[in-house]
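[1] Dropping the sequence and predicted coords here.
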Amino acid sequence: MYAAPFSYHRPASLQEAIKLLQDLGKEARVIAGGQSLIPLMKMRMARPAALVDINFIPGLSEIHAPKGELRFGALARHADIENSEAASAIPMVHDCAAGIADVQVRNQGTIGGSLAEADPSGDWGTALLALDTSVVCLGAKGQRIVPLEEFIKDAYTTVLAHDELVTGVHIRVPAKGSGGAHLAFKRSAPVYPTASAAVQLTLEGKDVCKDARIVLGCVGLKAIRAKEAEAELRGKALNEKNIQAAAEAARAAAEPQSDMRGSADYKRVMVATLVKRAIAIAVKRARGEHVQTGHEYVGR
Amino acid sequence: MSDVKNVLVRVRVNGELREAKVEPRTLLVDFLREHLNLTGTHVGCDTTYCGACTVILNGRTVKSCTLFAPMADGGDITTVEGLAQDGKLHSIQEAFAECHGLQCGYCTPGLLLSTLQLLKKTPKPTSEQIRKGIAGNTCRCTGYQNIFKSIRMAATEMEKH
């Protein structure tokens, strides 16, 4: 399968990339790892007239951990994040990075590209919405830092102007006494999940939920922040009854479509189950327990 | 459509410098197969699923059906043709032959390279690490059990060298 023809441009600096995007106009697209964009182009669902390849711009893959933060360059590959000591400070980030597709895709795909592509089934958009995440965007008018909840507007749609690109992703490290988990179910490793859930909880004492964020993935045109589900936990005891109520609210908040990955009803049940499991793991992690988790698929 | 300029792509493949001028939309797998005549790398699903097209680019496995050739420019590539040295099969190839880690052989070039990367990173992989390491490679013949055996045997052999 072949993409429609496009002209290829390879800037050596961010300034050059922005100049190219301005000159080439709205039909040009930035390409990073290409693991979402290239399949879309091969299926002719995306037909950019020009590609600006940012892979040759130095300094965009770095991973830093300044005080209280994790900072990823736009070109940090999922595999770099999976294997990074710094990124292990936030278990949810590791869950997500290590679970995306398979080794080959994680070796090539980037965190910046995943967010900028805003695929409704993309993993980062779900996991990072449960954390305090902002996206660093650079354009002709300079840099702006956009909170993730504002960055992704709709399926495949972000606030990026046509001559603007993502240069980095900043994540605030959650406070002590907080824990989170990102779970996904997929039919096999290389495919997008059928449904996913990201939960970040802050505890008060051992069993009371001080704060909660619950995000549902692959069950809407973008990741869904399930605020009604959060309200079922916030300020309350983390007992079976309240967790069940949160899962029910998550099921109601999901807006899935039936497709080859499952019926809408199936996905609602799946996402509620994942929320329940993610809450249980988030609680354990908030208490300081080490729990390994992530994407599940047949044959794992 | 005809105003698209061809792009010169230069790579080091299996230690040898190679180049060709191609349309930008040329996929890396077709660059290798059609332009460099290295047909060991296979096109399987062509949808980023099956991993038959797996090659090693700059020390990491990638699916060569999901890269435009110009993105690999200046890169160092290992394909299945680069595994055997001086007419002698690589330990991984020997192990796959010995343990019947293949039947039709279509997925094998990709599996060999995924195995190579796995064992370089994890010389003594656990069963779970093997499963995770080859999760991006689909085999429709073997049922994978003999592939796991092959990988374990290759790990043991490579430890000795």
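    Looks like it came in fine. Keep in mind the model is a prediction, meaning the values are calculated, not measured. Numbering: from 1, shown residues only, chains lettered A, B, ... in the order given.

[2] Just want the most central residue of chain B.
    Residue closest to the average C-alpha location in chain B (Cα atoms, centre = their mean): residue B:55, at 3.2 Å.

[3] Touching, it and residue B:79? I think so.
    Yes - contact between residue B:55 and residue B:79 holds when scored by Cβ atoms under 8 Å: they sit 5.1 Å apart. Heads up, the C-betas are built off the backbone N, CA and C, glycines and all.

[4] Identify the contacts common to the two.
    Common neighbours of residue B:55 and residue B:79 are listed as B:32, B:41, B:113 (criterion: Cβ atoms under 8 Å, 6 or more residues apart in numbering or on different chains).

[5] Same list as before, the residues you listed that is, but in JSON lines and with distance to residue B:128 and neighbour count included.
    Listed next are the shared contacts of residue B:55 and residue B:79 as JSON lines, based on distance: Cβ to Cβ, whole Å; neighbours: other Cβ atoms under 10 Å in any protein chain shown:
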{"residue": "B:32", "distance to residue B:128": "32", "neighbour count": "25"}
{"residue": "B:41", "distance to residue B:128": "28", "neighbour count": "25"}
{"residue": "B:113", "distance to residue B:128": "20", "neighbour count": "26"}
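
[6] Out of those residues, which are close to chain A?
    Residues of the shared contacts of residue B:55 and residue B:79 in contact with chain A (Cβ under 8 Å from any Cβ of the partner chain): none.

[7] one step back: shouldn't the residue nearest to the centre of chain B be within a strand?
    Yes - Residue B:55 forms part of a strand when assessed by DSSP: H, G, I helix; E, B strand; the rest coil.

[8] helix/strand/coil for residue A:8?
    strand.

[9] Tell me, how many residues neighbour the nearest residue to it once chain neighbours are set aside?
    Nearest residue to residue A:8, sequence neighbours excluded (Cβ to Cβ, 6 or more residues apart in numbering or on different chains): residue B:24, at 3.5 Å. Taking other Cβ atoms under 10 Å in any protein chain shown as the criterion, the count of residues near residue B:24 is 22.

[10] Quickly find the element holding the residue in chain B positioned nearest to chain A.
    Nearest residue of chain B to chain A (Cβ to the nearest Cβ) works out as residue B:136 at 2.7 Å. Assigned by DSSP states H and E, residue B:136 belongs to no helix or strand.

[11] same question, residue A:171
    strand A:165-172.

[12] close enough to count as contact, residue B:75 and residue B:58?
    Yes - with contacts counted by Cβ under 8 Å, residue B:75 reaches residue B:58, the gap being 5.3 Å.

[13] Which positions in chain B make contact with chain A?
    Residues of chain B lying near chain A (Cβ under 8 Å from any Cβ): B:1, B:3-5, B:7, B:23-25, B:27, B:46-51, B:54, B:60-63, B:66-68, B:70-71, B:73, B:114, B:117-118, B:128, B:131-138, B:144.

[14] Residue B:75 and residue B:58: which has the busier surroundings?
    Comparing residue B:75 with residue B:58 by other Cβ under 10 Å, the one with more neighbours is residue B:75, at 19 against 13.

[15] State the distance from the more buried one to residue A:42.
    Look at residue B:75 and residue A:42: by Cβ to Cβ, to the nearest Å, they are 21 Å apart.

[16] For chain B, just list every one of the helices.
    For chain B, applying DSSP state H gives helices covering B:28-30, B:91-98, B:108-121, B:127-133, B:145-160.

[17] could you give the angle of the second one to helix B:108-121?
    Here the directions of helix B:91-98 and helix B:108-121 differ by 130 degrees (axes from the mean of the first three to the mean of the last three Cα atoms, to 10 degrees).
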